[in-house]
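Peer 1: Attaching a predicted model along with its sequence, questions to come.
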Amino acid sequence: MALWALWALWGLMIVAVFGVAVMVLWNWLLPDIFGFAGINLWQALGLFVLARILFGSFNGKHWLGAHIHHNPIREKWMKMTPEERKEFVLKRHDLFHKHHFHFRMEGGFGSKTDGMPAKENE
């Protein structure tokens, strides 16, 4: 048997398994929860295709959960030297502490940069 025929057979088997899974889950859950009618295998396959069109792609990597996410920040991080990473972390730390509130030992919360003393308990 040709290799392409094996791949086609394998693809049909995967689609059939997903169709059966959709049908079984639909018929098990939705009639009891929402009162919907049960569905057959062809309707389940149609729902599966519709869901892929509306919510996903037909790219094989996405079907089996092997999403490969493009993360530009992670890519930049991986190209940095240890010194650049340390500088990056320190800059983010300083920005966070400059713009966020901090607990003060005098008894309250206040911005480090607002120049106002913490309010006394009234």
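Peer 2: Ah, there it is.
Peer 1: list the buried ones in the helix ranked longest in the chain?
Peer 2: Secondary structure of the chain per DSSP state H: the longest helix is helix 3-34. Under the neighbour-count criterion of 16 or more other C-beta atoms under 10 Å, helix 3-34 has Phe18, Gly19, Val22, Met23, Trp26, Asn27 buried. All C-beta atoms are positioned from the backbone trio N, CA, C, and that covers glycine.
Peer 1: possible to save those as CSV with distance to Phe48 and pLDDT?
Peer 2: Listed next are the buried residues of helix 3-34 as CSV, based on distance: C-beta to C-beta, whole Å; pLDDT from 0 to 100:
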residue, distance to Phe48, pLDDT
Phe18, 5, 90
Gly19, 6, 91
Val22, 5, 93
Met23, 9, 95
Trp26, 10, 93
Asn27, 14, 95
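Peer 1: Tell me the one among those residues nearest to Lys79.
Peer 2: Set against Lys79, the nearest of the buried residues of helix 3-34 by C-beta to C-beta is Phe18 (38.9 Å).
Peer 1: Quick one: residues contacting the nearest residue to the closest one once chain neighbours are set aside.
Peer 2: Here the nearest residue to Phe18 in space, its sequence neighbours aside, is Phe48; by C-beta to C-beta, 6 or more residues apart in numbering that works out to 5.5 Å. The neighbourhood of Phe48, defined by C-beta atoms under 8 Å, 6 or more residues apart in numbering, consists of Val15, Phe18, Gly19, Val22.
Peer 1: right, and out of those residues, which lies closest to Lys91?
Peer 2: Of the contacts of Phe48, the one sitting nearest to Lys91 (C-beta to C-beta) turns out to be Phe18, at 46.8 Å.
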